[in-house]
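Visitor: need a structure here:
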Amino acid sequence: MVEPKYPALLTIRGFYQVLAWITGVVTVALMIVGVIGAFASGQYIGGGFLGFLGQVLGAAFGSIVLVVVYGVAGLILATLQLAVAEVLQVVMDIEANTRS
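Guide: Purely as a prediction, here's the structure:
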């Protein structure tokens with residue numbers, strides 16, 4: 001059995017892949033729960049940075065917009081984590097192809 005040349009990079013790459021899938025699944029699940037919660041409560045569920053959406057768009061629609069904004073941010077984060085994993089794989093492939 002051939003031992004990999006960069007085992008730490010393989011481990012980090014695997015960590016980022018798993019983390020990206022967990023982030024994506026949890027984000028989608030929380031988006032579903034958030035939309036259901038917006039309809040069930042009838043009140044604005046947001047606050048803080050996007051707190052004005054409840055007054056501008058109405059309670060339910062403002063909550064849905066907030067859930068979608070945070071959901072898109074979570075999915076972008078998951079995509080970036082997958083990109084980091086692929087960059088590590090590319091670096092290891094380049095190293096393997098440039099050996100003499």
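Visitor: which residues of the chain fall in helices?
Guide: 7-41, 53-57, 59-97 (DSSP state H).
Visitor: any idea how far the residue nearest in space to the middle of the chain is from residue 99?
Guide: With the centre of the chain defined as its mean C-alpha position, the nearest residue by C-alpha atoms, centre = their mean is residue 78, 2.9 Å away. To residue 99, residue 78 is 33 Å away according to C-beta to C-beta, to the nearest Å. All C-beta spots, glycine's among them, are computed from the backbone N, C-alpha and C.
Visitor: likewise for residue 62?
Guide: Residue 62 is 57 Å from residue 99, by C-beta to C-beta.
Visitor: ok, now residue 40?
Guide: From residue 40 to residue 99 the distance is 59 Å (C-beta to C-beta).
Visitor: ok, residue 98 - how many residues close by?
Guide: 7 (other C-beta atoms under 10 Å).
Visitor: now do the phi/psi pair for it.
Guide: phi -100, psi 10 (degrees, to the nearest 10).
Visitor: check residue 6 too.
Guide: Dihedral angles (degrees, to the nearest 10) for residue 6: phi -130, psi 80.
Visitor: and the residue nearest to residue 63 when sequence neighbours are not counted, how many neighbours does it have?
Guide: Spatial nearest neighbour of residue 63, excluding adjacent residues (C-beta to C-beta, 6 or more residues apart in numbering): residue 38 at 3.5 Å. Counted with other C-beta under 10 Å, the neighbours of residue 38 add up to 22.
Visitor: what do you get for residue 35?
Guide: 16.
Visitor: over to residue 67?
Guide: With other C-beta under 10 Å as criterion, residue 67 counts 21.
Visitor: identify the residues contacting it.
Guide: 30, 31, 34, 35, 38, 45 (C-beta atoms under 8 Å, 6 or more residues apart in numbering).
Visitor: now the residues you listed in TSV, with pLDDT?
Guide: Compiled in TSV, those are given as follows (pLDDT from 0 to 100):
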residue	pLDDT
30	92
31	91
34	85
35	83
38	76
45	66
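Visitor: columns distance to residue 66 on top of the residues you listed, output as CSV?
Guide: Putting the contacts of residue 67 into CSV (distance: C-beta to C-beta, whole Å) gives the following:
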residue, distance to residue 66
30, 12
31, 11
34, 8
35, 10
38, 8
45, 7
